[in-house]
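Predicted coordinates and the sequence they were generated for:
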Amino acid sequence: MNQSVERLNAVQAKIAAAEKDRDGTGDPVTLVAVSKTWSADEIRPVIEAGARVFGENKVQEARDKWPGLKQEFADLELRLLGPLQTNKVRDAVALFDVIETVDREKLAAELSREIRKQGRAPRLYVQVNTGREPQKAGIDPDETVAFVTRCQDVHGLEIEGLMCIPPAGEDPAPHFDLLAKLADETGLKRRSMGMSGDYETAIRHGASSVRVGSAIFGSRTYA
């Protein structure tokens, strides 16, 4: 068996166990297999093993490899997980099924224009900078509720949920709890939180989707 497929099976088993540990009856957690830097040939075995939701960080990289895969496997869902520049919005709206990194007024306005122009509306998440890290994308937690409201009322965007990336080296649980609180305040049910090192914790704190890359595909080698 392909090593990535073996790791996928292990991750799926851990997700199922973490779901059982949650108090209450939440919806099943969506596994987003983060395939950035991996080629179509390296991704294909994971698709054939049953994974259907994938995440990429860069519009250009996704445009180079995913149209062919989506033509080959019609039921795939592709999510943008990296920061989105306004000059890439046209391509992003055309390619991605979900954009998880809406985080500023200018981007919301551009997405609104392009969605109307193309007649195609990816599902949208607002990214929250729960750690208030200056080098990281995302809206400030204190501004999240008002920003989501503006996205909906001013720009006419349908926001599905919130997303966060906790600061490296910190306990992620308080950040997951903060995102869950903000999601409740905005009336949004979907919470994208948790990565390879903390997805089990994220599930126990209310994640509806987790973004897992290296735990499936292995360590990345960057050029």
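Arrived safely. Residues are numbered from 1 along each chain as shown.

When you work out contacts or count neighbours from here on, use the C-alpha atoms and nothing else.
Noted.

ok, now how distant is Val212 from Ala33?
To Ala33, Val212 is 5 Å away according to CA to CA, to the nearest Å.

quick one: which of the two has more around it?
Ranked by neighbour count (other CA atoms under 10 Å), Val212 and Ala33 place Ala33 first, with 28 against 23.

Looking at the chain, which helix is longest?
Criterion DSSP state H: the longest helix present in the chain is helix 3-21.

for that one, packing partners?
Counting by 3 or more CA pairs under 8 Å, 6 or more residues apart in numbering; DSSP states H and E, the packing neighbours recorded for helix 3-21 are helix 40-48, helix 199-204, helix 214-217.

List just the one of those helices that sits closest to Glu72.
Closest of these to Glu72 is helix 40-48, at 9.9 Å (criterion: CA to CA).

Export the helix or strand harbouring Ala183 to PDB, keeping only CA atoms.
Assigned by DSSP states H and E, Ala183 belongs to helix 173-186. Extracted in PDB, the C-alpha atoms of helix 173-186 (Å, rounded to 0.1, in the frame of the first residue of the first chain):
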ATOM      1  CA  ALA A 173      -6.900  24.900  22.600                       C
ATOM      2  CA  PRO A 174      -7.600  28.500  23.700                       C
ATOM      3  CA  HIS A 175      -7.400  29.600  20.100                       C
ATOM      4  CA  PHE A 176      -9.900  26.900  19.100                       C
ATOM      5  CA  ASP A 177     -12.200  27.900  21.900                       C
ATOM      6  CA  LEU A 178     -12.000  31.500  20.800                       C
ATOM      7  CA  LEU A 179     -12.900  30.600  17.200                       C
ATOM      8  CA  ALA A 180     -15.800  28.600  18.400                       C
ATOM      9  CA  LYS A 181     -17.000  31.500  20.500                       C
ATOM     10  CA  LEU A 182     -16.800  33.900  17.600                       C
ATOM     11  CA  ALA A 183     -18.600  31.400  15.300                       C
ATOM     12  CA  ASP A 184     -21.400  31.200  17.800                       C
ATOM     13  CA  GLU A 185     -21.600  35.000  18.000                       C
ATOM     14  CA  THR A 186     -21.800  35.300  14.200                       C
END
